[in-house]
Structure formats: structure tokens, C-alpha cells
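*Asks:* Dropping the sequence and predicted coords here.
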Amino acid sequence: MTPRALGLDIGTSGVRAAIVRGEGDVLGLASTRFAEFGLDPAAPATWRCAMQTTLARLRAECDFSGIVALAVDGTSGTMLAVDGDGEPVGPASLYDEPCADDSIVARIAAAAPPDSAALGRTSALARVLTMQNRPRARFVVHQADWIAGLLSGRFDCSDENNALKTGYDPILRRWPDWIAQTGADTAKLPEVFEPGTPVARANATASVLGLPENALVCAGTTDGCASFLATGAAEVGDAVTSLGSTLVIKLLSDKPINATVDGVYSHRLGARWLVGGASNTGGKVIDALFPEGDLAALSQALKPDVPTGLRYYPLLRPGERFPINDPQWPPRLAPRPADRALFFQAVLEGIGEIESLAYRRLRELGAPALNSVRSVGGGASNAAWTRIRQRLVDAPFAPTLSQEACVGTARLALSKMRDFRI
């Protein structure tokens, strides 16, 4: 049987799983929404239950016997403390929860270099400092680390992508010395591996869920990196635009771009780098400006080849992260025409212009020339908006193989198998 790999995506609203084989052909997909259980989506018990349910659903339609490897992706920066057996100690802390302790934020700011992804009030390292002294806490790990640990028995492993915002240095490939200066107990930080690296064999828990006992559990990645890998983007200069609740830009580079002050960060993918940033514009702005929900009808009225000339910068409130990093950057949504369809087009053009500016900004910072753009997220299905974006972004648009992060994670695990004896 051709080797297969399993990918698990632990998202903000549920769990998705995929099995791929060969060059990445998708054999099956399954999903479970947290809302099905009526439980807290921020609770590790909910993640575990949804993971088990999703695997049961996937197993009902796919043969698990050929699975040789599996990996997990999760939301970047979501953390939890666990005891020596991997059981959670206290509540988890999600990626966007700000640290309420000013002294912790200040200690990180005093010790971290200015280009560190661990800076800021939503720092994952701040979560480590908040959780590490809980009674019985043995490790403080990322969401993906914990789910992988349930299937391997190892709760001391992470990957270079999830660990980035916790302060890990992807260039030196180690936890830097300055982390101890913040008061972090480095003995409670996980060992970090290159994404896709096998770290353990599947355990008894995995076997109960139908996974082969000799399957390799591999270091995972973040949901954002997994989504990039799923699209088929693979060459330096290939980029992916995510048109979800926010606008996220990622570009495959031959070198890192250290420009946190510009809202740009770099994830390591082997010998290459995934550079990019996230704007505060995107689907949340569209939903707020057009609450009537008639976006399909408005899209039918779009005239992609006839620019409005309104030059909006659509934001819900002042403050932008990328391609302009300015907490006071003002929204620009005037003048507002009486024609709602014209207003809708101007908003979509504004987001497209921000996308174009983002790619130009990456180039100014030293990123490679843009070769192609693939699109994911809800906005990617809007054909008229795609034509507007193609007019604004100076690069060819390429087809997207998959929008599922779990597919990218499965491909990641499968890509490493040629280096290891099964």
C-alpha cells in the first residue's frame, strides 16, 4: 500500500482531519465543530473530544492501516500547562488573549531583542510566565504539542513554527539565553524540532483510535503555515493570500525577514522561510459594513474592470499591523456613495490595494520577487473580487490545490518519511 499520512488541524471553531498519500492526493476528510458538544471551545477537554470524534468519522470512510505518519497543527500562540502525565493544569490561554500583568509584558520587553515575535501583550511567552508556576505544572506547551502528545505520550516536544512566538530563535535553532532573563523556567519549555520531524511512535491511545502502532508522530506546525503548505505553493516567490476574517499574506523566501517592527515575521520551513504579516482589514470589516448579508447580490453587481477610484483603507477602528504598523492608523471609508454596490466594490478594492501594498512592502524589506499568488479563505471564492485583485497585484494568480490546513499538515508529515525507515 502506498504510504499515507494523517493531518490534524485544531482550529478556533473545530477540528479537521485529512489522509493523504503519494504526492499528496487527498483520500479523505472529516471534521467536528466544537459547537456540536456545547462545550467551551477554549477548553482542552473540548479539543480532545473533537479530535476523537473527528478520527472516528474519518475512520468510517478511510482505511487507517496504511498510515505511516501523522502531525498536528494548531492556532499559533495558544498555550496550556500540563503535569507529568500530560493532563492540563488550569485553563488554556488562547492566541489572542492579552496578558493582564504589566510586569510580565515589561520583563519580556526588557530582555527580548526588538525583532522578537515574543514581544507584545498577546505574547505566547507571556502565557508561559503566567502558567509555569501553577501547582503540578511540568511543561507549558502549545495547543498542537498537546494533541500530538495525546497520540504519542510525549508532552515535551514542539516545532519551530509554533515556538516562534514563544521566543524560540529559528536562525540559531534553539531557545535563546535571554528567555531566562524574563523569569521563564526553561526546564518547562518543550524541546523544539523542525516541522515534520518524527519524534515518537503512536501510543496506546492512538491505537484505540485506529491508528497503526508503528505510525510515526511528527512535529507539527501552525495553522497558518499548514494552510500555506496545503495550497501547492512550493517555490521561492510563491505566495498565499488568506481572505478570511483578516487579510494574511505569506511568501516563500530563501532568507528570513527580521522586521517585527514592520509587522513582518518569518517561520522556518527547513532551509527556506515563510515570511508575511496580517492586516486588520478583511472579512470582519466587510461583515460589519454590510450586516444585511446580501453579499452575493452585491457581488453580482460588481464591475471589476471599472475602478471606483475611491481609494479606501477599510478598517473597523484606528490601528493597523501590516503592511503599515501603526496603532493609530485611521480607517478611510469616505466619501461614501449612495449606491451600496459601488460602496461594496470600493471596500473590496481597498482590501485589494492593501494586499498589493503588503507584497510591495515585503519586497522592500528584502523578500524575493513575487512569482505567483494563491488565494484561500471565504473571499477566495468571489470571482469578481479575484478579478479586482488581479488588476491590483502585479503577479499571476495560480490555482489552489487545497484550502484545508489539515491537508498541508498531512503533506508535511509525508514529505519527511523518505528520510526515515518505517
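*Replies:* Arrived safely, thanks for sending. The structure presented is a predicted model; accordingly, all values stated were derived computationally and were not measured.

*Asks:* tell me which residues in stretch 296-316 are buried?
*Replies:* The neighbour-count check on stretch 296-316 (16 or more other C-beta atoms under 10 Å) flags 298-299, 302, 304, 308, 310, 312-315 as buried. Using the backbone N, CA and C atoms, a C-beta is placed for each residue, glycine as well.

*Asks:* what about it, average pLDDT?
*Replies:* Here stretch 296-316 scores 97 as its mean pLDDT.

*Asks:* which residues sit against it?
*Replies:* Residues from elsewhere that reach stretch 296-316 (C-beta atoms under 8 Å, 6 or more residues apart in numbering): 280-281, 284-286, 288-290, 320, 329-333, 335, 337, 340-342, 344-351, 353-354, 382, 384-385, 387-388, 391.

*Asks:* Quick one: buried ones out of those residues?
*Replies:* Buried members of those, scored by 16+ other C-beta under 10 Å, are 280-281, 285-286, 320, 331, 333, 340-342, 344-351, 353-354, 382, 384-385, 388.

*Asks:* quick one: which of those residues sit in helices?
*Replies:* Members of the buried ones among the contacts of stretch 296-316 lying in helices (criterion: DSSP state H): 285-286, 340-342, 344-351, 353-354, 384-385, 388.

*Asks:* how about the buried residues of stretch 296-316 in JSON lines, adding distance to residue 253 and secondary structure?
*Replies:* Putting the buried residues of stretch 296-316 into JSON lines (distance: C-beta to C-beta, whole Å; DSSP: H, G, I helix; E, B strand; the rest coil) gives the following:
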{"residue": "298", "distance to residue 253": "36", "secondary structure": "helix"}
{"residue": "299", "distance to residue 253": "33", "secondary structure": "helix"}
{"residue": "302", "distance to residue 253": "33", "secondary structure": "coil"}
{"residue": "304", "distance to residue 253": "30", "secondary structure": "coil"}
{"residue": "308", "distance to residue 253": "34", "secondary structure": "coil"}
{"residue": "310", "distance to residue 253": "33", "secondary structure": "coil"}
{"residue": "312", "distance to residue 253": "30", "secondary structure": "coil"}
{"residue": "313", "distance to residue 253": "26", "secondary structure": "strand"}
{"residue": "314", "distance to residue 253": "28", "secondary structure": "coil"}
{"residue": "315", "distance to residue 253": "27", "secondary structure": "coil"}
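
*Asks:* Next, the residue of the chain positioned farthest from its centre: secondary structure please.
*Replies:* Residue farthest from the centre of the chain, counting by C-alpha atoms, centre = their mean, is residue 338 at 38.0 Å. Put simply, residue 338 is coil when judged by DSSP: H, G, I helix; E, B strand; the rest coil.

*Asks:* Put the alpha carbons of the one helix or strand residue 390 maps to into PDB.
*Replies:* Element membership for residue 390 (DSSP states H and E) is helix 383-392. The C-alpha coordinates for helix 383-392 follow below in PDB (Å, rounded to 0.1, in the frame of the first residue of the first chain):
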ATOM      1  CA  ALA A 383     -14.700  35.500  -8.800                       C
ATOM      2  CA  ALA A 384     -15.300  39.200  -9.300                       C
ATOM      3  CA  TRP A 385     -13.200  40.200  -6.300                       C
ATOM      4  CA  THR A 386     -10.500  37.900  -7.600                       C
ATOM      5  CA  ARG A 387     -10.500  39.900 -10.900                       C
ATOM      6  CA  ILE A 388     -10.300  43.100  -8.900                       C
ATOM      7  CA  ARG A 389      -7.300  41.800  -7.000                       C
ATOM      8  CA  GLN A 390      -5.600  40.500 -10.200                       C
ATOM      9  CA  ARG A 391      -5.800  44.100 -11.500                       C
ATOM     10  CA  LEU A 392      -4.100  45.400  -8.400                       C
END
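
*Asks:* What residues sit buried inside the next helix or strand after it?
*Replies:* Using DSSP H and E, the helix or strand that follows helix 383-392 in sequence is helix 405-415. Going by neighbour count (16+ other C-beta under 10 Å), the buried part of helix 405-415 is 405-415.

*Asks:* and what of stretch 19-30?
*Replies:* For stretch 19-30, a neighbour-count test (16+ other C-beta under 10 Å) marks 19-21, 24, 26-30 as buried.

*Asks:* Now the two most distant members of those residues.
*Replies:* Farthest pair in the buried residues of stretch 19-30 (C-beta to C-beta) is 24 and 30. Separation: 17.6 Å.

*Asks:* still on that earlier bit, can you say which two of the buried residues of stretch 296-316 are spatially most distant?
*Replies:* The span of the buried residues of stretch 296-316, defined through C-beta to C-beta, is set by 304 and 315 at 22.8 Å.

*Asks:* quick one, what contacts residue 382?
*Replies:* Neighbouring residues of residue 382 by C-beta under 8 Å, 6+ apart: 299, 348.

*Asks:* oh, I was asking about residue 392
*Replies:* Going by C-beta under 8 Å, 6+ apart, the list of residues near residue 392 reads 349, 352-353, 355-356.

*Asks:* Beta-bridge partners for the residue lying closest to residue 276 once chain neighbours are set aside, please?
*Replies:* If the residues on either side of it in the chain are set aside, residue 276 comes closest to residue 250, at 3.9 Å by C-beta to C-beta, 6 or more residues apart in numbering. Counting by DSSP bridges, residue 250 is bridged to residue 240, residue 276.

*Asks:* who's in contact with residue 250?
*Replies:* Taking C-beta under 8 Å, 6+ apart as the test, what residue 250 contacts is 224-225, 228, 239-240, 242, 274-276.

*Asks:* okay, the residues you listed in TSV with pLDDT next?
*Replies:* Formatted as TSV, the contacts of residue 250 follow (pLDDT from 0 to 100):
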residue	pLDDT
224	89
225	93
228	95
239	98
240	97
242	93
274	97
275	97
276	94
